[in-house]
Each structure stands twice: as C-alpha cells, then as structure tokens.
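J.: Starting from these lines, generate the structure:
(chains A, B, C and D)
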There are 2 protein chains.
Amino acid sequence: MSLRHAVLGLLAESPSSGYDLLKMFDMSLANVWPATQSQVYGELAKLAADGLIQVTEEGPRGRKEYAITEEGRAELRRWIVEVEPNHVRRSDMLLRVFFLGQVDPGQARAYLRRQAELAAAEVARLEELARTLEGNEDDDLAVYGRLALEWGLRSSRMQREWAAWAEEQIR
Amino acid sequence: MSLRHAVLGLLAESPSSGYDLLKMFDMSLANVWPATQSQVYGELAKLAADGLIQVTEEGPRGRKEYAITEEGRAELRRWIVEVEPNHVRRSDMLLRVFFLGQVDPGQARAYLRRQAELAAAEVARLEELARTLEGNEDDDLAVYGRLALEWGLRSSRMQREWAAWAEEQIR
DNA sequence: GATGGACCTTCTAGTTTTGACATGTCGGCA
DNA sequence: TGCCGACATGTCAAAACTAGAAGGTCCATC
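T.: Presented below is the predicted three-dimensional model:
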C-alpha cells in the first residue's frame, strides 16, 4: 500500500495534478518508489473515492488539481509513525552472486568488477545531484530528501567497496 | 524474470523437489529473493514446459525431483554474465523519510532512532548467522552465499550509522 | 494400531506492478 | 495560420507477487 502513501505525501506538500505528480515521482522519488502513469492516475481516483484527497480545481486540458484532505493527512501521519516499514528487499544483483559458482572464476570476477564500476558511477551521479540541490532547502521535501540522498550515497559507496572486496575473495 | 533464475540456480547446485526448494528459499535466499509456495510450484511447471529443467525421479507422496538440463544451465549462465542487474530498489523506509516533515520533529527523530535500532538488530542477527555458517564452506552456494551475507552485514551497519546521523540532522 | 508431524503438491483469488496504447488540448513561434 | 512539443487523462492486458485453502501420504513412536 505504499504507492498510496507516496501520492498522499506528495499532495501533502502541495496540491498537484496527476501529471505534476508523475514529474515529481520521476525527479525526487525515482530512487525510492518509482511509479508509472497508470498507477498514479489509478491511485488518484481511488484516493478521491476514499475521501483522502479531493479535486480543488479544474484547469485547461482537463487538468484536475487534487489536494489532500484532513482525513488524508491523518492517514499519512498514521502510516509514517505507526506502520512498520517492511524491510524485505529483493536484489537480483545479489541473487547472481549466490550462483557465481556456475560460471568460471574470471567471469565471476568480471561480474563483481562491473558492479563496483556501476556503484562508482552511481556515487558520482548522486554527488553531482547533491551539488545541484545545494542551498535549495526551502521546502520539507528538499530537507528530508537530502537525508534520503545521503542514504543513497552511503549505500553506493558501500556497494562499491563491497564489490571490490568480493572480487578479491575469488581466487 | 528473476524468480525463474533463482529456481534454476538452486537446481544447478543439486536436483530437488519443490518442497526442498521452498526450504532453500527460506533458508538461504530469504534475504535476497523470497518466494512463496505458489510461485515456486508454478515456476517449476513453466521451467519444465520450456525444457530448462526435467523431472528425474518420482518419489513417495507424489514427490517430483527436478534437475536442470543443459539448456537450463546455459540459460542460467547467460543470465548471470549477460543480463544487467536492475538496480531499482523500492524502500518504504526511505519513502517515509521524504515525508517526515508531516509529523513533528520528535516523532521524526523517534522514527529514525527506531530504524537505527532495527538495523542494529539486523547486524546482530547476521553476525550470529555468520558464526553459524563458519567452517561450512563445502559447496559453492555456501562460499558465494558468504559474499552475499557480507553485503547484508555492511548494508545493515551503513543503515545503522546513517539513521543515527540523520537523527542528528533534525533540530 | 492409531495418531501427529513432517512431507508434498495443486489450485484459486486477490493485489501490485509493468508497459503499451489511445485520445485529446493548449500555447508559442515560424 | 499551421504545427509541434508539452500538457493531460484514461484504459487495457499481462506478469509477478501474496496469501491461503484443500487434499493427500509416509513414518516414527506411543
């Protein structure tokens, strides 16, 4: 049920249309909770039906602007403080590691080296993103988004170092 | 399509029944690629239909033992060396971080403190698991599983430290 | 010999996610 | 004026995942 709360959370920040939300998903939540068009529009309809959001304005091109209701805000807060995050995480990158015995050691090392490189590239990308965002701490999303970004940075560095270490282990 | 390759990978190690596989999923792949009964049995049927595995023995209680075929082994290797791991990762834990501005600072700090504690508990669990596995490096799965375990350990430590740091940031 | 626990498979019904397709409007500028 | 790119919503089918019900067999031990 997290997509629902992702939409609710964005609307809590400011009223928006489905199209606006889509852009926000792609820009700020892309690394945390990606969503497609069909998901976003579908969820907006359900949230409105449940009274957690409502249409506040109809603009050109059929644009509908939604705003969160008090009920929606309460549900969002409840979800943040009361619901335990589910920490099950799937990783096909790690799944491959389990089966590295099926390919020859050279290929296994190449695989890990490649993962180290991808992680390094991700570190660079996030550092660049951090620079872009610097000074821009006007809204909550930016402030807390910065914490999430730091997580990504630490996570990518960890992965880079782990992959280098793991490559060493294969002899 | 990773479930398919998870099953293939386990069968590459040794022929097994669906029931056996289920236990292996729960024991060794639980933290990397969890799977349910219905998924495993369904995938076994599809893999057999596609000729990537075959029934090698029918035992008591309707038990069917499957073994990987040469075709299956080739497909597994191809997946390991040629297919790029998809690095999109969803995290409702981080999603909440984005919206921490919606609750009061005390609750936000409590949330992060809780995440630090959960991560610390995970570190302890994995360290215990590592001790249990020590010396047991007879098969490939154990050797490479150890690399995955190390990833989990580093990841949990990183999360513990990040959460402590993030809590500090909120004032 | 009964009985409970481990073994073993199949099926169904629901939700979530993905990706593609379909449709149309507005605003700026060549 | 005509056209393109950005704006904007909606629907559909398929794949993946979740959760559990239902049914049956073997075996050790009491």
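J.: Name the residues that touch the helix or strand containing residue A:4?
T.: Using DSSP states H and E, residue A:4 maps to helix A:2-13. Outside helix A:2-13, the residues within contact range by CB atoms under 8 Å, 6 or more residues apart in numbering or on different chains are A:16, A:21, A:24-25, A:29, A:33, A:35, A:39-40, A:43-44, A:46-47, A:52-53, A:66-68, A:72-73, A:75-76, A:79, A:139-141, B:90, B:92, B:95, B:98-99, B:101-102. Bear in mind the C-beta positions are built from the backbone N, C-alpha and C, glycine included.
J.: Okay, and which of these map to helices?
T.: Among the contacts of helix A:2-13, DSSP state H puts A:21, A:24, A:39-40, A:43-44, A:46-47, A:72-73, A:75-76, A:79, A:140-141, B:92, B:95, B:98 in helices.
J.: How about the helix or strand bottoming out on mean pLDDT in chain A and DNA strand D, any contact?
T.: Ranking every helix and strand in chain A by mean pLDDT, DSSP states H and E puts strand A:53-58 at the bottom, with a mean of 90. No: Strand A:53-58 is not in contact with DNA strand D by CB under 7 Å from any atom of the strand; minimum separation 8.6 Å.
J.: quick revisit: what's the mean pLDDT across the helix holding residue A:4?
T.: In this model, helix A:2-13 carries a mean pLDDT of 95.
J.: go on, stretch A:160-169?
T.: 96.
J.: does any part of it sit near chain B?
T.: Yes: counting by CB under 8 Å from any CB of the partner chain, chain B is contacted by stretch A:160-169 at A:161-162, A:165-166, A:169.
J.: interface residues of chain A facing DNA strand C?
T.: A:1-3, A:34-39, A:42, A:60-62.
J.: 6 Å instead, please
T.: A:1, A:3, A:34, A:36-39, A:60-61 (CB under 6 Å from any atom of the strand).
J.: Apply the buried test to those and list what passes.
T.: Buried residues within the residues of chain A next to DNA strand C, counting neighbours by 16 or more other CB atoms under 10 Å in any protein chain shown: A:3, A:39.
J.: now the residues of chain A next to DNA strand C as TSV including distance to residue B:155?
T.: Listed next are the residues of chain A next to DNA strand C as TSV, based on distance: CB to CB, whole Å:
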residue	distance to residue B:155
A:1	25
A:3	24
A:34	20
A:36	27
A:37	32
A:38	32
A:39	28
A:60	47
A:61	45
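J.: Which pair of the residues of chain A next to DNA strand C spans the longest distance?
T.: The span of these, defined through CB to CB, is set by A:1 and A:60 at 32.9 Å.
J.: which residue packs closest to the residue positioned nearest the centre of chain A, ignoring adjacent ones?
T.: For chain A, residue A:32 is the residue whose C-alpha lies nearest the centre (CA atoms, centre = their mean; 1.3 Å). Leaving out its chain neighbours, the residue that sits closest to residue A:32 by CB to CB, 6 or more residues apart in numbering or on different chains is residue B:94, at 4.6 Å.
J.: tell me the domain boundaries of chain A?
T.: Chain A breaks down into these domains under automatic domain parsing: A:2-82, A:92-169.
J.: circling back: how about the residue nearest to the centre of chain A, what does it touch?
T.: Residues near residue A:32 by CB under 8 Å, 6+ apart: A:148, B:90-91, B:94-95, B:98.
J.: List only those of the contacts of helix A:2-13 flagged as buried.
T.: Of the contacts of helix A:2-13, these count as buried by 16+ other CB under 10 Å: A:16, A:21, A:24-25, A:29, A:33, A:35, A:39-40, A:43-44, A:47, A:52-53, A:66, A:68, A:72-73, A:75-76, A:79, A:141, B:90, B:92, B:95, B:98-99, B:101-102.
J.: ok, now which ones touch residue A:54?
T.: A:48, A:66-67, A:69.
J.: These into JSON lines, with extra columns for distance to DNA strand D?
T.: Listed next are these as JSON lines, based on distance: CB to the nearest atom of the strand, whole Å:
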{"residue": "A:48", "distance to DNA strand D": "9"}
{"residue": "A:66", "distance to DNA strand D": "8"}
{"residue": "A:67", "distance to DNA strand D": "13"}
{"residue": "A:69", "distance to DNA strand D": "17"}
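J.: From those residues, which land in strands?
T.: Of those, the ones assigned to strands by DSSP state E are A:66-67.
J.: re earlier: which one of the domains of chain A lies closest to residue B:120?
T.: domain A:92-169 (15.9 Å).
J.: what inclination does the host helix or strand of residue A:166 have with respect to helix A:2-13?
T.: Assigned by DSSP H and E, residue A:166 belongs to helix A:140-169. Using axes from the mean of the first three to the mean of the last three CA atoms, to 10 degrees, one finds that helix A:140-169 and helix A:2-13 are set 140 degrees apart in direction.
J.: residues of helix A:140-169 that come out buried?
T.: Buried, per 16+ other CB under 10 Å, within helix A:140-169: A:141-160, A:162-164, A:166-167.
J.: where's stretch A:10-18 relative to the chain centroid, distance-wise?
T.: What separates the centre of stretch A:10-18 from the centre of its chain is 17 Å, taken as CA atoms, centre = their mean, to the nearest Å.
J.: How about stretch A:157-171?
T.: Taking mean C-alpha positions (CA atoms, centre = their mean), stretch A:157-171 and its chain are 25 Å apart.
J.: Appreciated, that's everything.
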